[in-house]
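Novice: structure for this input, please:
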Amino acid sequence: MKDITRERLSQITTATISYQLLKRGIRDVFMQGIVPLSPGGERLVGEAYTLRYIPVREDPSDLSALGSAANLARRAIEECPAGAILTVDARREVHCGTVGDILVTRLMVRGVAGVVTDGGVRDAEAVREIGLPVYSAGAAAPASPTLHMPVGLQEPISCGGVAVFPGDIIVADGDGCVVVPQALADSIAEDAAAQEEIESFIQKLVAAGRPVIGTYPPTDQIRAEYEVWLKDGSPEITE
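Specialist: Numbers count the residues shown, from 1 in each chain. Sure thing, here's the model as predicted:
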């Protein structure tokens with residue numbers, strides 16, 4: 001991801017990004033049921049590094065191998081690149097955790113940007129104190145082997161009901177998480193930044209009494225007013 005794209009996306013809401021994707025005909029991009037573990041959680045932007053679980057089956061599962069390099073969930077902790085987001089397909093299963101405080105600590109030490117999972121998080125209070133941005137379906141004490149088997153790294157997954165390909169851009173804020181196809185990230189970031197700039201002007205117009213019909217979405221007339229307003233130094237708006 002280009003630095004300018006990361007910078008722009010880090011300042012743009014998921015609502016604006018979702019709208020820009022909708023304009024391009026891409027509708028199913030907002031993960032359902034995934035919220036910041038910490039209220040008002042820190043914004044999160046990064047490329048998805050994916051981990052996929054399936055339902056546990058006892059015959060191939062071996063708890064003694066949980067901490068070994070053969071365990072894909074442990075490999076994900078050690079291989080997720082700095083700046084990336086560990087993105088977990090936990091089958092929207094909320095009754096067990098997918099990460100806990102020790103794993104989150106390791107991710108933070110390694111420079112990983114954060115975690116997005118459609119499953120639960122163990123040791124939730126301790127994870128909140130660590131400070132790494134984590135977005136999840138909520139807290140859950142049981143360990144992942146209770147219900148999950150890790151079977152895939154860096155392959156397409158479903159997370160929160162949304163298709164995620166390795167390298168897709170995840171943007172998360174207080175509303176939740178949106179998935180930006182990697183190939184569209186630069187144009188989405190540029191257009192979304194422009195959208196938020198004019199919408200800040202529209203917000204001022206509406207606050208001053210302008211009706212939304214004919215104002216939002218912006219018409220050519222509103223865009224012309226916006227350009228004049230910028231040229232005049234962005235003065236206070238009164239109606």
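Novice: any stretches of the chain with poor pLDDT?
Specialist: Segments of the chain classed as low confidence (criterion: pLDDT under 70) are 60-68, 239.
Novice: so it: which segments form each domain?
Specialist: 27-180, 188-231 (automatic domain parsing).
Novice: isn't residue 72 up against residue 153?
Specialist: Yes. Using C-beta atoms under 8 Å, residue 72 makes contact with residue 153 at a distance of 5.3 Å. The C-beta positions use only the backbone N, C-alpha and C, and glycine is treated the same way.
Novice: quick one: common contacting residues for the two?
Specialist: Counting by C-beta atoms under 8 Å, 6 or more residues apart in numbering, the common neighbours of residue 72 and residue 153 are residue 51.
Novice: can you pull the contacts of the spatially closest residue to residue 79 that is not a sequence neighbour?
Specialist: Leaving aside its sequence neighbours, residue 79 sits nearest to residue 153 (C-beta to C-beta, 6 or more residues apart in numbering; 7.2 Å). Taking C-beta under 8 Å, 6+ apart, we find residue 153 in contact with 50-52, 72, 75-76, 79.
Novice: for the longest strand seen in the chain, name the packing helices and strands.
Specialist: As far as residue count goes, and with DSSP state E defining each element, the longest strand of the chain is strand 44-55. Contacting strand 44-55 under the criterion 3 or more C-beta pairs under 8 Å, 6 or more residues apart in numbering; DSSP states H and E are the following elements: helix 72-79, strand 85-89, strand 114-117, strand 148-153, strand 157-159, strand 169-173.
Novice: keeping just the C-alphas, turn the longest helix along the chain into PDB.
Specialist: Across the chain, the longest stretch assigned as helix under DSSP state H is helix 185-207. This file holds the C-alpha atoms of helix 185-207, laid out as PDB (Å, rounded to 0.1, in the frame of the first residue of the first chain):
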ATOM      1  CA  ALA A 185      -7.400   1.200  -2.700                       C
ATOM      2  CA  ASP A 186      -5.600   4.100  -4.300                       C
ATOM      3  CA  SER A 187      -8.700   5.500  -6.100                       C
ATOM      4  CA  ILE A 188     -11.000   4.800  -3.200                       C
ATOM      5  CA  ALA A 189      -8.600   6.700  -0.900                       C
ATOM      6  CA  GLU A 190      -8.400   9.700  -3.200                       C
ATOM      7  CA  ASP A 191     -12.100  10.000  -4.000                       C
ATOM      8  CA  ALA A 192     -13.100   9.400  -0.300                       C
ATOM      9  CA  ALA A 193     -10.800  12.100   0.900                       C
ATOM     10  CA  ALA A 194     -12.400  14.500  -1.600                       C
ATOM     11  CA  GLN A 195     -15.900  13.400  -0.600                       C
ATOM     12  CA  GLU A 196     -15.200  14.100   3.100                       C
ATOM     13  CA  GLU A 197     -13.800  17.500   2.300                       C
ATOM     14  CA  ILE A 198     -17.000  18.700   0.500                       C
ATOM     15  CA  GLU A 199     -19.200  17.000   3.000                       C
ATOM     16  CA  SER A 200     -17.600  19.100   5.800                       C
ATOM     17  CA  PHE A 201     -18.800  22.100   3.800                       C
ATOM     18  CA  ILE A 202     -22.300  20.500   3.400                       C
ATOM     19  CA  GLN A 203     -22.400  19.800   7.100                       C
ATOM     20  CA  LYS A 204     -21.900  23.500   7.800                       C
ATOM     21  CA  LEU A 205     -24.600  24.500   5.300                       C
ATOM     22  CA  VAL A 206     -27.100  22.100   6.900                       C
ATOM     23  CA  ALA A 207     -26.200  23.300  10.400                       C
END
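Novice: what's the angle between it and strand 44-55?
Specialist: Relative orientation of helix 185-207 with respect to strand 44-55: 110 degrees, computed using axes from the mean of the first three to the mean of the last three C-alpha atoms, to 10 degrees.
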